[in-house]
Each structure stands twice: as structure tokens, then as C-alpha cells.
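# Requesting a structural model of the entry that follows:
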Amino acid sequence: MKKLNRKFYLKSADELAPALLGKVLVHKTAEGVTSGIIVETEAYIGPDDKGAHSCGGVPTPRTAVMYGQGGFAYVYLIYGMYSCFNVVANAKDKPEAVLIRALEPLDGVELMQKRRGTDKLENLCSGPGKLCSALGITRELSGTDLCKSELFILDKPELAATEIAVSPRINIDYAEEYRDVLWRYFVKGNKFVSKVPKKYVSRDFLR
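Down below sits the predicted model:
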């Protein structure tokens, strides 16, 4: 498998989010290599998207990476303690990103278990904070070039639209009219997804 190239990331977050499903996120560290299949994503499309950190279109030191070209990591903290890993999407000055919400563990499971303090495979990466802890992804990696660094995504065949479920994003009630947009994508029937909503549609239904 080869790393995804820059061109792959130069699309809107709403296009990139489902396209990333089935790809493999890898982090090489001194402790070892950990990786997982991406099974859940969310698109954040600023500056109009009231759920996005780039809402309003004014960059800050934290969000500056989102205003560059796609294919870079945007990592931030929630609740002051949990890292969230995002893939910057689209072209320069179009501040969009895809939140990686869940992985199906592949390489380095024992290291993931050590980092997470649990031996429950289904719980290792079933959430954005969990997967960052399992893979050793911290805020210091924000701005990392995913095409050139030890943190990268490997290509795999694209999933069929019938394999992908679509629902509103999670925990963004503050996003007002953007709260219920269908910008969350996950692999149907995958046990490593963070949370399966009661109602969702198949991606082929939207086409």
C-alpha cells in the first residue's frame, strides 16, 4: 500500500470524509508502529459551518493549518485533555477538515492496549480521543504533513456507496442550522464505530 498523495486531499471535506473510509491511518514512533482502518469520519466545512473551528473565516494560531492546502494534520484538545485528529481538506484558503472518529485496530494492538490501559479490542479506537491515545497522536503533531511524515494514511480500494452509512454529526448542538446536516460517515455494520445512530441513511440513497 502507498501513502495517499497530495491530490487525494484536495477535495471538499464532504467528499474527503467518505473517501477516507477504509483507508489505513499509521503512526510510526520510537515505541513502535500502530495503525487502524478508518471506519468513521465527520466533515467540517467552514467558514459557514457553525460546527467548524474555522467558522467565521478568521484564522487563529490553532486553526492556521486549516487555511493551508489539504493533506496536513490538525490536532486539537477537547475538555482540556483528549486529542482529536483531523485531516485538512481542500485547497489553500478553503479551511475545511475531516475528523477521524474511529478506527478498526490493525498493527501494534499490544502497544495500543498499553497506551489505553484496556485489553478490549472494540474499545481501543472507538472514538476520536481514544484513537489518538492508542496511536500516540498528540497536539504537538498538529501541522504535520501527512504526505511526508511518520504520521500518514495508506491507500486502499474505495468502499462502495452501499457500504457507507450517513448521519448527522455527534455532539454539536451548538452548530444551530448545521447541527443536523448529514456530514458524518461510517462503515455499515462495523463493530468499531463509536456510536451507531438509531436513524441513518445509506450513502447511495443520497446520490
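# Strands of the protein, start to end?
With strands called from DSSP state E, the chain shows them at 24-29, 32-45, 73-78, 82-89, 96-105, 151-154, 164-167, 184-187, 201-202.
# Report the angle between the second one and strand 82-89.
Per axes from the mean of the first three to the mean of the last three C-alpha atoms, to 10 degrees, the angle that strand 32-45 makes with strand 82-89 is 70 degrees.
# Return the distance of strand 32-45 from the chain's centre.
Here strand 32-45 is found 5 Å from its chain centre; the criterion is C-alpha atoms, centre = their mean, to the nearest Å.
# same thing with stretch 93-107?
1 Å.
# Please point out which parts of that stretch sit buried.
Across stretch 93-107, burial judged by 16 or more other C-beta atoms under 10 Å covers 94-106. For glycine as for every other residue, the C-beta is placed from the backbone atoms N, C-alpha and C.
# Between all of the residues you listed, which two are separated the most?
Lys94 and Pro105 (32.5 Å; C-beta to C-beta).
# how close does the most centrally placed residue in the chain sit to Leu4?
By C-alpha atoms, centre = their mean, the mean C-alpha position of the chain lies nearest to Ile100, the distance being 1.6 Å. Using C-beta to C-beta, to the nearest Å, Ile100 is found at 13 Å from Leu4.
# can you check Glu177 too?
For Glu177, the distance to Leu4 - C-beta to C-beta - is 32 Å.
# So for those two, which sits in the more crowded spot?
Legend: neighbour count by other C-beta atoms under 10 Å for Glu177 and Leu4, higher for Leu4 (21 against 9).
# Excluding covalently adjacent residues, which one is nearest to that one?
Among residues not flanking Leu4 along the chain, Ile153 sits closest, at 4.9 Å (C-beta to C-beta, 6 or more residues apart in numbering).
# Good, wrapping up.
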